[in-house]
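Participant: Return a 3D structure for these sequence lines:
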Amino acid sequence: MRPYRNITDEELSLLGAVRDWNADIAKTLTEKSELLWVHNRRKKFTSLEKDDKRLVRRLNILSTDKYDITTNFGCYSLETGKNVHDACGCMRFCDCYGRLYQLASQC
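Facilitator: Residues are numbered from 1 along each chain as shown. The predicted model follows:
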């Protein structure tokens with residue numbers, strides 16, 4: 001899978017996250033576990049600070065099932081960390097344009 005380049009490895013490290021999504025680790029996460037969410041088109045929003053909460057935020061897991069992770073900011077694939085909904089076309093700040101990164105402390 002081609003990694004998104006909307007955030008650098010250095011930024012991920014500073015935020016305590018890792019680039020590569022590990023589905024096996026994701027399956028072990030429990031409710032209240034944290035994940036990092038980054039807007040897919042973050043680089044296009046040059047008028048906003050790179051760490052603006054609309055572009056980068058920490059999410060809490062509300063539940064998981066066989067295929068999905070439900071967070072307090074949308075639903076994502078357990079296998080890939082990507083949003084499970086087709087892009088709604090808003091190109092703004094909803095979960096349909098984001099993806100999850102696991103925290104280094106979970107790996």
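
Participant: List the buried residues in stretch 78-87.
Facilitator: Buried residues in stretch 78-87, counting neighbours by 16 or more other C-beta atoms under 10 Å, are found at 78, 81, 83-84. C-beta coordinates here come from the backbone N, C-alpha and C atoms, glycine included.

Participant: So which residue of this structure lies furthest out from the middle?
Facilitator: residue 47 (21.3 Å; C-alpha atoms, centre = their mean).

Participant: thinking again about what came up before, ok, so of the buried residues of stretch 78-87, who is nearest residue 64?
Facilitator: Lowest distance from residue 64 to the buried residues of stretch 78-87 (C-beta to C-beta) belongs to residue 78, with 6.5 Å.

Participant: Could you list the paired strands of the longest strand along the chain along with their orientation?
Facilitator: Longest strand in the chain, counting residues (DSSP state E): strand 56-64. Looking at strand 56-64 with DSSP bridges, its partner strands are strand 34-39 (antiparallel), strand 68-71 (antiparallel).

Participant: Cheers, nothing more for now.
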